[in-house]
Structures are given as C-alpha cells and as structure tokens.
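> Sequence unavailable; structure follows:
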C-alpha cells in the first residue's frame, strides 16, 4: 500500500462516485449558508419541488450585509434595502426549511467561515 497525502485520504473518505471522465460526486459534511447566495439555492429547490436534505448539516448566518456598528435596531438597522431583504430572506428560508440560523442579535452570529469552527460545526477532516 502506497502512502497517501492528507488530501487523498479526505477525498477517498468523501468520494461517493467517480465517472469514467473523472467527474466526481463527493459527500459534503456541512453546508454553511449566508444571505447573499442562498436565496437562489432555496428558490431552485422550491421550483424543483425539493427540500434540503439532512437539514441538521446546514447552518445559516447573515454576515456579508450585517453592519459593523449600531445593531440596536436589528435587521432594521441595515440601511441598504437590498441588503436588508437578503438578510430577511435568509431568516425566512431558514425558518421555512427548519435550518438552524445564527441571526442578527444571536451571540453566535458572525462571519460565516469563522462561525463554523467557533461553534464546533466544522471540524478537521470535514468537507464544507
């Protein structure tokens, strides 16, 4: 047996299927969702008549449009209307599909790629 790199070990552990052309399907352990790109994904699921699979592996938090000052007004403190709608839509989608959200005002809310490790939602060896 030849030695494998860490990458190869993780790839092999998550590989579901590989096609003859090299295209691969891998298992993703955790999905981190934020307000900018998730609305399109949720709408795509609705249009296809589908729901997220394994909702317990999803974690949502607004981060791109959250003000860095004066959060006393909650979502209403977001002055840009498009940004505010994105944050509100993330919350509505999370509630509709039963996905855990660290919303504005939640002490755990923060930068999506930092929240995962801080909260133990992403661990070494996981695909995210």
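Nice, I can see it. Given the structure is predicted, the values throughout are model-derived calculations rather than measurements.

> in the sheet, who's paired with the residue most central in space within the chain?
Nearest to the geometric centre of the chain sits residue 32, at 1.8 Å (C-alpha atoms, centre = their mean). Under the criterion DSSP bridges, residue 32 forms beta bridges with residue 59.

> Make 13 the first number, not 1, from now on.
I'll keep to 13 as the first residue from here, and by that count the last item is residue 44.

> Between the two ends of stretch 47-64, what distance do you get?
Using C-alpha to C-alpha, to the nearest Å, the gap from the first to the last residue of stretch 47-64 comes to 16 Å.

> For it, list every residue counted as buried.
In terms of neighbour count (16 or more other C-beta atoms under 10 Å), stretch 47-64 has its buried residues at 47, 48, 50, 51, 54, 64. Where you see a C-beta, it was placed from the backbone N, CA and C, and this is true even at glycine.

> Adding distance to residue 70 as columns, could you present those in CSV?
Formatted as CSV, the buried residues of stretch 47-64 follow (distance: C-beta to C-beta, whole Å):
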residue, distance to residue 70
47, 14
48, 16
50, 9
51, 14
54, 11
64, 6
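
> The longest helix belonging to the chain: which residues count as buried?
Ranked by residue count and defined by DSSP state H, the top helix of the chain is helix 93-109. By neighbour count on 16+ other C-beta under 10 Å, the buried set for helix 93-109 is 95, 96, 98, 99, 101, 102, 103, 105, 106.

> nearest to residue 85, of the residues you listed?
For those, the residue nearest residue 85 by C-beta to C-beta is residue 96; the value is 10.5 Å.

> Next, find the distance separating the closest one from residue 47.
Taking C-beta to C-beta, to the nearest Å as the measure, residue 96 falls 10 Å from residue 47.

> got it, and residue 68?
Residue 68 is 21 Å from residue 47, where distance means C-beta to C-beta.

> which of the residues in stretch 122-131 are buried?
By 16+ other C-beta under 10 Å, the buried positions in stretch 122-131 come out as 122, 124, 127, 128.
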